[in-house]
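Q: Predicted model and sequence below, questions to follow.
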Amino acid sequence: CIIITREPYTYSAAADCGCVSCVSSGVAAGPRLNNNQLYKFSYTTEVLLNKARGSKEGSTGSRISCEVDVNLVWRDPNNDDEQLVQLAVNSAGKNNILEGTTTEGLLGKTNSAAVTKPFFLHLRNGKTKAFYSYWKEPAIIKNLKRGLASLLQVQLHTGKVIENDVSGRCLIEYKAVKGQITRTKRLETCRTAETGFTTHSKVLGVSRKSSSVTVFKLDDGFIHSAVAEETHWVSVNARRSTAAKVLSRQTLTLIGTEAGPLEAAGKDAAGVVKSTDDKLAAVGIVAEKVKPKCKSCPSVSSTNSSPLHTCEVYYWPYFTAQPQLVRSHFPCLPPQLFEHWQAEQKRLEPTGLAKAAAPRSFLALIQSIRKASKEEILKVLKSASKTSLPQVVDAVTSSQTVASLDAMLQFLNFTDAKGFVLQERFLYACGFASHPNERMLQVLLQSTDIKESVVIIMGALVHKLCQKGQCNVPTVVEVKKMILEVPYSTEDDSEVQMYLLALKNSLLPEAIPIFTKYAESKLGAYSTIALTALQRYDVGLITSEVKEAVNRVYHQNLRIYEKNVRAAAADVILSSNPSYMETKNLLLSIGHLPREMNKYMLSKIQDILRFNMPASKILRQVMKDMISQNYDRFSKVGSSSSFSGFMAQSSDVTSTYSLDILYSGSGILRRSNMNIFGASKGAVLHGLQVAIEAQGLESLIAATPDEGEEDLESFAGMSALLFDIQLRPVTFFKGYSDLMSKMFSMSGEPMNVVKGLILLSDHSEVIQLQSGLKASAEFQGGLAIDISGGMEISLWYRESKTSVNNRGALVFTGNITVDMDFLKTGVEVSFETEASLDFITTVQFSEYPFLVCMQMDKTTFPVSDFVTTYEGLPSGKNIVSRKSNKFLIPGSEFPLHQENSDMCKKVFDSSW
């Protein structure tokens, strides 16, 4: 029988007792058993789950204890180190820790009977050659037996070896000292059939650190005891305090010997096993997959939903002997998808997207959708209100199952222009998919009715599939061919821009020559896309030919370019390991540029030096030359600027921001570019970029356009890049008539650019424990985001204002469970926050130099951490413990350069 006890308990070392006696006339390769002798062992395996730095007292878990009889069944007459060993669990039962639950009642008749059935281990030179059990036995019982058998596998000398055991095929290191063998399993090398998925972004991803050490105590070269300890830490890279730990221990101790059965005769081990019981079979030592059957246990989704099903919940006070019933209504049964959706619907209305409850419900809904059928998903889609439906589309698409994709394709009508919002939400969710497959790309390839967004997102999917090593699958090859060839085969400006944006998302090395060609285009829009795309590539891919082309653009060797194009070219030069001469020529150009371009480049150089960016070293070398650095060159005035700063710094992640503002000579905004980056352990994530561009507005104030910009059409628009994915640009107005129409009808309300729910991080894996148990790890991060921007122009007050408003709520959850079919234990760690970030630029152009004030503000926002441990039984009894920690981070205005502070004082004084 099996005794299961709940934490905490006292862990004690194995008692001193006898050991196996020697039967060899030579040197043993592994432990050998005597004929006609029964070895009685005590065996304990335990598993604890908690937050990474949690105390033992706060852990949840279980312990399985039993006595095991081991005896030799057969030995190869020609090799004393080839043995067939029988193991049988034999122990008296006791009641479970929950009153009224017997061991048989807990395990069930099938499991109880299977536990006591003997099983066989074929050893050769201390290594497992075969493991014999019954095919019809429950998988969880076979795995527990495999975990026990793996403790008899040991090498008696120092060395490294590849071994098969319950964990898979792993690299093992043995270290032998007098009386002791230490076995270290390199878990990162283990190969098993079970695979999961993870987010490829290292900044937003999840890391696992593992260790496994078994110490064998020997007496005369034989096993006296074996103690194995295995630990797994799973953490969120961006916030490593959001982490969970699994601790697994096994203890096998010899408690005595007595007379046992005689050795059987036979030619080989397989024949002896068959003669013993023909239903026994070699089922393999590596653990097999287990289908969870504990349907009445708590789950991540149920702990955050309304109580749709109720059962008894017990809280275990550690100073008492028995659990106490603290409330009788708790969601213990996983609800059906439709019921779950009804409980979550209010939290997913647009008015609540800035609250942490929205992404938390979003993540819980994804878990339910992943278990649902196509028909169940369609029922939810059809029942959702008009306002909540876009959020349901986000959740269904982010689930990334066959059923969810089929449901979306049946639900959406891509030929209906009225459904554009839902169609685009579907496309963006595809673009942010954590583990897309070829079929998702194939679906987009066949959906050409909303062509611009489709093509742009296809580029993002190509990049993600190539990251997964699927760059050569047929659909990816077809899409690559299309986006690489079409820019050359069409003369439609909008189509060229569309495919350039797709290539920008794809980051294909083959696209670099295309970007190099279009960087020198006569059309400023082409050049800007091409140059900003080149800046995203690894510096090692930027060849001398690319650098020569970019330098020609900046220095206008072939033609006159717009200021924003030249500014983009300067960014590429300075971010691509510029040479001494490239840097010197760039510095020498300052003073020969248009007035605002001079100021912008000067501010850019000063920002690089102040922020110690990679180009700062070569800049300092060049600036030792007085021709390159002098008062005349570094005293240029203007309102354009470039500034970078830190948003947050921690041991886990560093977040930085940058603001680049370029004005025309008449004082009207030419380009505004706000960027937010996250960096963690050498990996960088471009979290957000919002760029506002305007051109051809000089006629509004009777000003003279700058050189090369005389014939530009009136235009203003915004482009956003979110988590390394370029989104479809938004146009405020295009053409003089459209401009005048918008000016007279302008409400001052910002235009929405991105709004929805994004699955930032998605990690799923099964951790095989040496004890035979499996721990399932599910880590997810969800973001509710609302990005909007606007531009106002007042001719009466001769003032313009641009704004970028960012609202969001972020939730990360990590859940690790050990489901033993008859008992489920788990721990959930999570954190959540709500934040707001606004960037406002006010320009007064009634006189020169015009007044420019930039403001970047964040509001006070809350941060909450949660830890929940739980245990559940099929009977409906559950034990749940929760802890939380909440605090506020004060709001602030991010610092910019001193000139901006002085200018803001003048702007607001004049406004007053």
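A: That came in fine, so what should we check first?
Q: Residue 234 looks like it's in a helix, true?
A: No. Residue 234 is assigned strand when assessed by DSSP: H, G, I helix; E, B strand; the rest coil, not a helix.
Q: Residue 827 is in contact with that one, correct?
A: No. At 10.3 Å, residue 234 does not count as touching residue 827 under the criterion of CB atoms under 8 Å. Bear in mind the C-beta positions are built from the backbone N, C-alpha and C, glycine included.
Q: shared neighbours of those two, which are they?
A: Counting by CB atoms under 8 Å, 6 or more residues apart in numbering, the common neighbours of residue 234 and residue 827 are 244, 816.
Q: can you give me the helices in the stretch 701-850 of the chain?
A: 736-745 (DSSP state H, counting those that start in this stretch).
Q: Check the stretch 501-650 of the chain too.
A: Along the stretch 501-650 of the chain, the stretches classed as helices by DSSP H, counting those that start in this stretch are 512-519, 524-534, 544-555, 563-574, 580-589, 595-610, 616-622.
Q: nearest to residue 111, of those helices?
A: helix 524-534 (59.1 Å; CB to CB).
Q: how far is that closest one from where the chain is centred?
A: Between the centre of helix 524-534 and the centre of its host chain there is 30 Å, according to CA atoms, centre = their mean, to the nearest Å.
Q: Equivalent analysis for stretch 220-230, please.
A: 39 Å.
Q: hmm, back to that, among the helices of the stretch 501-650 of the chain, which is nearest residue 398?
A: Of the helices of the stretch 501-650 of the chain, nearest to residue 398 by CB to CB is helix 524-534, at 26.5 Å.
Q: Give me the average confidence score over that closest one.
A: Averaged across helix 524-534, the pLDDT comes to 93.
Q: name the helices or strands packed onto that helix?
A: Counting contacts by 3 or more CB pairs under 8 Å, 6 or more residues apart in numbering; DSSP states H and E, helix 524-534 is packed against helix 493-506, helix 512-519, helix 544-555, helix 563-574.
Q: so residue 852 touches residue 638, yeah?
A: No. Counting by CB under 8 Å, residue 852 stays clear of residue 638, with 9.3 Å between them.
Q: Give the burial count for residue 188, as a bare number.
A: 10 (other CB atoms under 10 Å).
Q: First-to-last residue distance for stretch 50-61?
A: Stretch 50-61 has an end-to-end distance of 9 Å (criterion: CA to CA, to the nearest Å).
Q: what bits of the stretch 801-912 of the chain have low per-residue confidence?
A: For the stretch 801-912 of the chain, the stretches flagged by pLDDT under 70 are 847-849, 874-876, 910-912.
Q: Over to the stretch 651-800 of the chain?
A: Checking the stretch 651-800 of the chain against pLDDT under 70 turns up 698-702, 736, 738-751, 753, 795-796.
Q: show me where it has strands.
A: Using DSSP state E, counting those that start in this stretch, the strands found in the stretch 651-800 of the chain span residues 654-663, 669-680, 683-695, 715-722, 725-726, 730-734, 751-768, 774-794, 799-819.
Q: and the third one with strand 669-680, angle?
A: So that's strand 683-695. If you take axes from the mean of the first three to the mean of the last three CA atoms, to 10 degrees, strand 683-695 sits at 170 degrees to strand 669-680.
Q: what's the answer for the first one, then?
A: Relative orientation of strand 654-663 versus strand 669-680 (the same axes, to 10 degrees): 170 degrees.
Q: same for strand 654-663, what does it pack against?
A: helix 563-574, helix 595-610, strand 641-649, strand 669-680, strand 824-844, strand 851-858.
Q: buried set for the longest one?
A: The reference is to strand 824-844. Neighbour counts over strand 824-844 (16 or more other CB atoms under 10 Å) mark 824-837, 839, 841-844 as buried.
Q: and residue 900, what helix or strand is that in?
A: Residue 900 belongs to helix 898-911 when assigned by DSSP states H and E.
Q: Would you mind putting the CA coordinates of that helix into CSV?
A: The C-alpha trace of helix 898-911 is given here as CSV (Å, rounded to 0.1, in the frame of the first residue of the first chain):
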residue,chain,number,x,y,z
GLN,A,898,17.5,70.9,-19.8
GLU,A,899,16.6,72.9,-22.9
ASN,A,900,13.2,71.2,-23.0
SER,A,901,12.5,72.1,-19.3
ASP,A,902,13.3,75.8,-20.0
MET,A,903,11.1,75.7,-23.1
CYS,A,904,8.2,74.2,-21.3
LYS,A,905,8.3,77.0,-18.7
LYS,A,906,7.9,79.5,-21.5
VAL,A,907,5.2,77.6,-23.3
PHE,A,908,3.0,77.3,-20.2
ASP,A,909,3.7,80.8,-19.1
SER,A,910,2.6,82.1,-22.5
SER,A,911,-0.4,79.8,-22.5
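Q: That one packs against which elements?
A: strand 641-649, strand 824-844, strand 851-858.
Q: out of these, nearest to residue 290?
A: strand 824-844 (11.9 Å).
Q: Could you export the closest one as PDB, CA atoms only?
A: The C-alpha coordinates for strand 824-844 follow below in PDB (Å, rounded to 0.1, in the frame of the first residue of the first chain):
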ATOM      1  CA  LYS A 824      -3.400  16.800  -7.500                       C
ATOM      2  CA  THR A 825      -1.100  19.400  -5.900                       C
ATOM      3  CA  GLY A 826       0.000  22.600  -7.400                       C
ATOM      4  CA  VAL A 827       1.400  26.100  -6.900                       C
ATOM      5  CA  GLU A 828       0.600  29.300  -8.800                       C
ATOM      6  CA  VAL A 829       2.800  32.400  -8.800                       C
ATOM      7  CA  SER A 830       1.700  35.600 -10.500                       C
ATOM      8  CA  PHE A 831       2.100  39.300 -10.600                       C
ATOM      9  CA  GLU A 832       0.000  42.100 -12.200                       C
ATOM     10  CA  THR A 833       0.200  45.800 -12.800                       C
ATOM     11  CA  GLU A 834      -1.700  48.600 -14.400                       C
ATOM     12  CA  ALA A 835       0.100  51.500 -16.000                       C
ATOM     13  CA  SER A 836      -0.400  54.700 -18.100                       C
ATOM     14  CA  LEU A 837       2.200  56.500 -20.200                       C
ATOM     15  CA  ASP A 838       1.500  59.700 -22.100                       C
ATOM     16  CA  PHE A 839       3.800  61.600 -24.500                       C
ATOM     17  CA  ILE A 840       2.700  65.100 -25.500                       C
ATOM     18  CA  THR A 841       4.500  67.600 -27.700                       C
ATOM     19  CA  THR A 842       3.300  71.300 -27.800                       C
ATOM     20  CA  VAL A 843       4.700  73.700 -30.400                       C
ATOM     21  CA  GLN A 844       4.100  77.400 -30.600                       C
END
